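Student: Sequence plus the predicted model coming up.
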Amino acid sequence: MVQHRFLGNSGLKVSEITLGNWVTHGSQVDDEAAIATVHAALDAGITTFDTADVYANTKAEAVLGRALAGQRRESLEIFTKVFFPTGPKGPNDAGLSRKHIFESINGSLRRLGTDYIELYQAHRYDNETPLEETMQAFADVVRQGKALYIGVSEWTAEQLRDGHELARQLGFQLISNQPQYSMLWRVIEDRVIPMSEELGISQIVWSPMAQGVLSGKYLPGQPLPTGSRANDTKNGAAELIQGFLRDDVLEAVQRLRPIAEEAGLTMPQLAIAWVLQNPNVASALVGASRPEQLAETVKASGVTLDSGTLVAIDTALGGAVYADPEATYTASPARRPS
Ligand code: NDP
């Protein structure tokens, strides 16, 4: 069964593998497959589920709500997010203003079919709204009992420090950051992880399999495998995965195959086990387009990789690893227009 870890310095435990539904539910896969995948996750001991208001323009939250209906609420940890534009994308349908945060959480709770969520996350930093306004709104959401804890996603070390300090002053807990992290994308290692360790913040890491690339199924110089995310043009994911679909990266990934075999793991399991070796990572946030993928991935929980395996991975990947600490994603203008 999947093991659990504490989220930041809070008392909340999350499964060390979380199922996320970006680009899958309400979009790439039909509802039947989505619900079967959520049930496969529950059967494997996954208790933590991640979504966002923006996924499939709110449809992903509704699918997750239907998939979890009838489950014992106390046995689940449900996470969602606010920031990116939803609905008709009007001037107040995005960002981290008090108005949008209040309206967004009410919509998310309705779609998810729950009175509260465990974690409400700022999907990106908002340079246009004063941080004080955002954190006060989050404090009120927590006081209203609509979210138990607050997290963020893709914030820099400095943003985490400032947000954490305001949360402390306002009397609520900012306990997590959700960045991209995988064997191929190590941007958080230099600054975000040391700052988070100091503040008692955990990482919930997205695309730990580099969107499927680290499964080894994309072969250099070969056509894209049918039914894979890179072939799905409906939701923008095919564009995002392009950065990994270079022959030098795909060749480096193939060099991981004997390392995985030697460790007694499949390639997807090696990718997930690798992110879980970092104690600041509370959970690997995986996606799955089919229940069988998840049945394979969850076996990475509890695996320890020895130092020889970790060195062999670094040698195999070489220059294919991207680790620029400046590469935190941003989606808001550099500053508020004067
Ligand atoms: P992964 O790196 O785990 O990629 C998942 C995809 O890889 C699957 O949908 C599937 O795609 C493929 N795959 C999974 N298992 C296997 C397997 N065993 N063999 C072969 N292929 C496999 O994570 P995601 O990119 O899906 O991201 C996970 C979650 O992270 C999202 O759902 C979301 O919750 C969160 N996220 C957060 C972001 C943020 O800004 N905060 C941004 C992006 C994601 P297929 O079968 O279609 O090829």
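Tutor: Thanks, I have it. Numbers count the residues shown, from 1 in each chain.

Student: and the stretch 1-150 of the chain, which residues reach the ligand?
Tutor: Within the stretch 1-150 of the chain, the positions near the ligand by Cβ under 6 Å from any ligand atom are 20-22, 24, 50, 123. Yep, even glycine has a C-beta here, placed from its N, CA and C like the rest.

Student: Now compare the residues you listed and name the two farthest from each other.
Tutor: Thr24 and His123 (17.3 Å; Cβ to Cβ).

Student: Tell me which residues touch the closest residue to the ligand within the stretch 201-338 of the chain, please.
Tutor: Nearest to the ligand in the stretch 201-338 of the chain, going by Cβ to the nearest ligand atom, is Gly287, at a distance of 2.2 Å. The contact partners of Gly287, by Cβ atoms under 8 Å, 6 or more residues apart in numbering, come to 19-24, 207, 209, 211.

Student: could you flag which of these are buried?
Tutor: For those, a neighbour count by 16 or more other Cβ atoms under 10 Å gives the buried set as 19-24, 207, 209, 211.

Student: Enumerate every residue touching the residue in the stretch 51-200 of the chain positioned nearest to the ligand.
Tutor: When Cβ to the nearest ligand atom is the measure, the stretch 51-200 of the chain has its nearest residue to the ligand at Ser153, with 3.8 Å between them. Residues in contact with Ser153 (Cβ under 8 Å, 6+ apart) are 81, 83, 121-124, 177-179, 206.

Student: hey, where'd the strands end up in the stretch 151-300 of the chain?
Tutor: 174-177, 202-206, 281-286 (DSSP state E, counting those that start in this stretch).

Student: And the helices in the stretch 201-338 of the chain?
Tutor: In the stretch 201-338 of the chain, the helices defined using DSSP state H, counting those that start in this stretch lie at 237-240, 247-254, 257-262, 267-276, 291-297, 307-317.

Student: between the second one and helix 267-276, how big is the angle?
Tutor: On the basis of axes from the mean of the first three to the mean of the last three Cα atoms, to 10 degrees, helix 247-254 is oriented at 90 degrees to helix 267-276.

Student: Among the helices of the stretch 201-338 of the chain, show me which one is buried the most.
Tutor: helix 267-276 (a mean of 24; mean count of other Cβ atoms under 10 Å).

Student: what mean pLDDT does that one have?
Tutor: Averaged across helix 267-276, the pLDDT comes to 98.

Student: ok so, going back, could the helices of the stretch 201-338 of the chain go into JSON lines alongside distance to Ala40?
Tutor: Converted to JSON lines, the helices of the stretch 201-338 of the chain look like this (distance: least, Cβ to Cβ, whole Å):
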{"stretch": "helix 237-240", "distance to Ala40": "21"}
{"stretch": "helix 247-254", "distance to Ala40": "25"}
{"stretch": "helix 257-262", "distance to Ala40": "22"}
{"stretch": "helix 267-276", "distance to Ala40": "14"}
{"stretch": "helix 291-297", "distance to Ala40": "4"}
{"stretch": "helix 307-317", "distance to Ala40": "28"}
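
Student: and those as JSON lines, adding distance to the ligand?
Tutor: Output for the helices of the stretch 201-338 of the chain, formatted as JSON lines (distance: least, Cβ to the nearest ligand atom, whole Å):
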{"stretch": "helix 237-240", "distance to the ligand": "7"}
{"stretch": "helix 247-254", "distance to the ligand": "12"}
{"stretch": "helix 257-262", "distance to the ligand": "12"}
{"stretch": "helix 267-276", "distance to the ligand": "4"}
{"stretch": "helix 291-297", "distance to the ligand": "3"}
{"stretch": "helix 307-317", "distance to the ligand": "16"}
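
Student: Quickly, which of those helices bottoms out on average pLDDT?
Tutor: Ranked on mean pLDDT, the bottom entry among the helices of the stretch 201-338 of the chain is helix 237-240, at a mean of 79.

Student: Just the CA trace of that helix, in PDB.
Tutor: Taking Å, rounded to 0.1, in the frame of the first residue of the first chain, the C-alpha atoms of helix 237-240 are listed here in PDB:
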ATOM      1  CA  ALA A 237      -0.400  19.400 -23.100                       C
ATOM      2  CA  ALA A 238       1.100  18.300 -26.400                       C
ATOM      3  CA  GLU A 239       2.800  21.700 -26.600                       C
ATOM      4  CA  LEU A 240       4.100  21.500 -23.000                       C
END
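
Student: Excluding residues flanking it in the chain, which one is nearest Val14?
Tutor: Leaving aside its chain neighbours, Val14 sits nearest to Thr48 (4.4 Å; criterion: Cβ to Cβ, 6 or more residues apart in numbering).

Student: same thing with Ile175?
Tutor: Nearest to Ile175 is Gly8, by Cβ to Cβ, 6+ apart, at 3.2 Å.

Student: Run through the residues that contact the one you found.
Tutor: 173-176, 200-202, 282.

Student: Only whichever of these are buried, select them in PyMOL.
Tutor: The buried residues among the contacts of Gly8 can be selected in PyMOL (16+ other Cβ under 10 Å) with this line:
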select buried, resi 173+174+175+176+201+202+282
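
Student: now the residue of the stretch 201-338 of the chain closest to the ligand: how far from Ile105?
Tutor: 24 Å (Cβ to Cβ, to the nearest Å).
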